[in-house]
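Asks: I would like to see how this sequence folds:
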Amino acid sequence: MPDGKSNHEADEHNVNPARAVDLVDSTMQHLLDHADVKHVFGRPVQHGEITLIPAAEVTVMGAFGAGFGVGVGMQEEATEGEGGGGAGGAKTLARPVAVVILSPEGVRVEPVIDLTKIGLAVITAWGFMLSIIMRMRRRRPRKV
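Replies: Below you'll find the predicted structure:
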């Protein structure tokens, strides 16, 4: 390098582990904010003497990784290289699961039934069972 520093010494000033930790921390805090009770129970809806409160299941997922490496090239000239990187991903899922009903008769909880999800589960189970039956029939020795 023109100033006499090695690649490693020059890049040392560009790498900021504290910034990376702060970024992961702020991302995780943002995800956890979505797992708050205000996201589980919706705003109450008044209809005459009845109050409806929607309830949801909230799932928060996240994964992060990082790496850094240094190596020497195998060319005639001795070359050094180094690099690093990181990646991450996160997702928040929410689905309705029930409605809390407050009325003069009392409080009750009615589940939200997702017929599409049930239908897909039934079709998947039938498909799996059919494939197992077909495999079992193919493996049976035939009597001659």
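Asks: strands along the chain, start to end?
Replies: Under the criterion DSSP state E, the chain contains strands at 45-47, 50-72, 80-103, 106-111.
Asks: off-centre distance for the shortest one?
Replies: Spelled out, it's strand 45-47. Here the centre of strand 45-47 is set off from its chain's centre by 34 Å, with Cα atoms, centre = their mean, to the nearest Å.
Asks: which secondary structure elements does it sit against?
Replies: When contacts are defined as 3 or more Cβ pairs under 8 Å, 6 or more residues apart in numbering; DSSP states H and E, strand 45-47 packs onto strand 50-72. For glycine as for every other residue, the C-beta is placed from the backbone atoms N, C-alpha and C.
Asks: got the buried residues for the strand it packs on?
Replies: Buried residues in strand 50-72, counted by 16 or more other Cβ atoms under 10 Å: 52-55, 60.
Asks: what about that strand, average pLDDT?
Replies: The pLDDT scores in strand 50-72 average 84.
Asks: any idea of the angle that strand forms with strand 80-103?
Replies: Computed with axes from the mean of the first three to the mean of the last three Cα atoms, to 10 degrees, the direction of strand 50-72 lies at 170 degrees from that of strand 80-103.
Asks: where is the longest helix in this structure?
Replies: Taking DSSP state H as the criterion, the chain has its longest helix at helix 115-139.
Asks: could you dump the strands of the chain to CSV with distance to W126?
Replies: Listed next are the strands of the chain as CSV, based on distance: least, Cβ to Cβ, whole Å:
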stretch, distance to W126
strand 45-47, 38
strand 50-72, 26
strand 80-103, 24
strand 106-111, 24
